[in-house]
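Asks: Structure for the following, please:
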Amino acid sequence: MVPEAATVRSHVTEALDRIERDRAEGKNAVERAAYALWRFNWIHPFAGGNGRTARSIAYLIICIDGGGLLVGKPTMPTLIASRTDEYEQALRVADAADREGGENLKPMVGLILATYIDQMASALDELETALE
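Replies: As a prediction, this is how the structure comes out:
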């Protein structure tokens, strides 16, 4: 269940504050990106494009911590979208934990990490091909 429209602004502010607090407390970019990916999908602030927006925010967190855009194609947002079953399952796990008053972002962290690794591996493949 998504929040009512009147509460979207406060949920977005709360999510951004949490992401910044986690950064200040030393949580890594993958953990913060996983939270953002889940939370912005849950907030559902737009009539359409919520998944794309959430994936872009998560990728932005990774890129900012890395000091710029990551090399390699396809990019993490595309890779996440291509793993529909894993992505939807990670969202369901996080939603269920939230409904029970807890937090379980482990599957989402795993998804973010796997797609990060895949994007970096594609950059290495491109480099290897260029050097042949």
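Asks: Against which helices or strands is the helix or strand harbouring residue 124 packed?
Replies: Under the criterion of DSSP states H and E, residue 124 resides in helix 106-131. Where contact means 3 or more CB pairs under 8 Å, 6 or more residues apart in numbering; DSSP states H and E, helix 106-131 is packed against helix 29-43, helix 50-66, helix 76-82, helix 84-99. Backbone N, C-alpha and C define where each C-beta goes, glycine included.
Asks: Give the buried residues for it.
Replies: 107, 108, 109, 111, 112, 115, 116, 118, 119, 122 (16 or more other CB atoms under 10 Å).
Asks: That helix to helix 84-99, inter-axis angle?
Replies: 150 degrees (axes from the mean of the first three to the mean of the last three CA atoms, to 10 degrees).
Asks: how big is the angle separating helix 106-131 from helix 50-66?
Replies: Put simply, helix 106-131 runs at 70 degrees to helix 50-66, going by the same axes, to 10 degrees.
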